[in-house]
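S.K.: fold the following, please.
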Amino acid sequence: MNTALKTAIEDFAEIAAPYLNIADEVHYEDTLTLVEELLEEADDSADDPVNGIIEILAQAIAKYESKNDDIAAFEAQAREAPADVVMLRVLMSQHNLGVADLPEIGDKSLVSRILSGTRNLTKRHIQKLARRFNIDPGMFFDR
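M.R.: Alright, predicted model coming up:
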């Protein structure tokens, strides 16, 4: 094997180890950020080597997520809940919002009832949320 290539691979493995064998939340978040950055820079062609690295990192992320109880609980809840509630929870989580932070829906009591499944989002709620978060309203529906 080419000595320079072998050295480069060994250096890469040493630097990438925390991202390839995610052991904690900090490295998990760092790996997610790294993948996002690489996706922005990657070329869509199959022969871009960055795409191979993204795939390896994605596998490491999936492995970590499968062992993380909080993530597993969230995924189980997401599979059981209606798509609109799941989407609402994701938006709230991503934007660090509480039940009082969604004037598009109404008061915090109504938001709580929607999250608990005793009330439903209306078409008007979905339209307003889609505008606020600049997303496709279709994301609130099962596919």
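S.K.: outline the domain layout of the chain.
M.R.: Listed domain ranges for the chain are 3-70, 81-140 (source: automatic domain parsing).
S.K.: ends of the longest one, how far apart?
M.R.: Across domain 3-70, the terminal residues are separated by 44 Å (Cα to Cα, to the nearest Å).
S.K.: same for the lowest-mean-pLDDT helix or strand in the chain, what does it pack against?
M.R.: When each helix and strand of the chain is scored by mean pLDDT, DSSP states H and E, helix 69-80 comes last, with a mean of 74. If contacts are counted by 3 or more Cβ pairs under 8 Å, 6 or more residues apart in numbering; DSSP states H and E, helix 69-80 sits against helix 49-67, helix 83-94. Every C-beta, even on glycine, is put in place using the N, C-alpha and C of the backbone.
S.K.: make CSV out of those and add mean neighbour count, mean pLDDT and distance to residue 129.
M.R.: Listed next are those as CSV, based on neighbours: other Cβ atoms under 10 Å; pLDDT from 0 to 100; distance: least, Cβ to Cβ, whole Å:
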stretch, mean neighbour count, mean pLDDT, distance to residue 129
helix 49-67, 14, 88, 26
helix 83-94, 17, 89, 7
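S.K.: ok, then the element right after the host helix or strand of residue 11?
M.R.: Take DSSP states H and E as the rule and residue 11 turns out to sit in helix 3-20. Downstream of helix 3-20, the first helix or strand assigned by DSSP H and E is helix 25-41.
S.K.: buried residues in that next one, which are they?
M.R.: 27-28, 31, 34-35 (16 or more other Cβ atoms under 10 Å).
S.K.: now swap in stretch 9-20 and tell me
M.R.: So stretch 9-20, judged by 16+ other Cβ under 10 Å, has buried residues 16, 19-20.
S.K.: chain center to it, what's the gap?
M.R.: Centroid separation for stretch 9-20 versus its chain: 24 Å, with Cα atoms, centre = their mean, to the nearest Å.
S.K.: got it, and stretch 81-94?
M.R.: With Cα atoms, centre = their mean as the basis, the distance from the averaged C-alpha position of stretch 81-94 to the chain average is 12 Å.
S.K.: try stretch 81-96
M.R.: Counting by Cα atoms, centre = their mean, stretch 81-96 is centred 11 Å from the centre of its parent chain.
S.K.: perfect, I'm done here.
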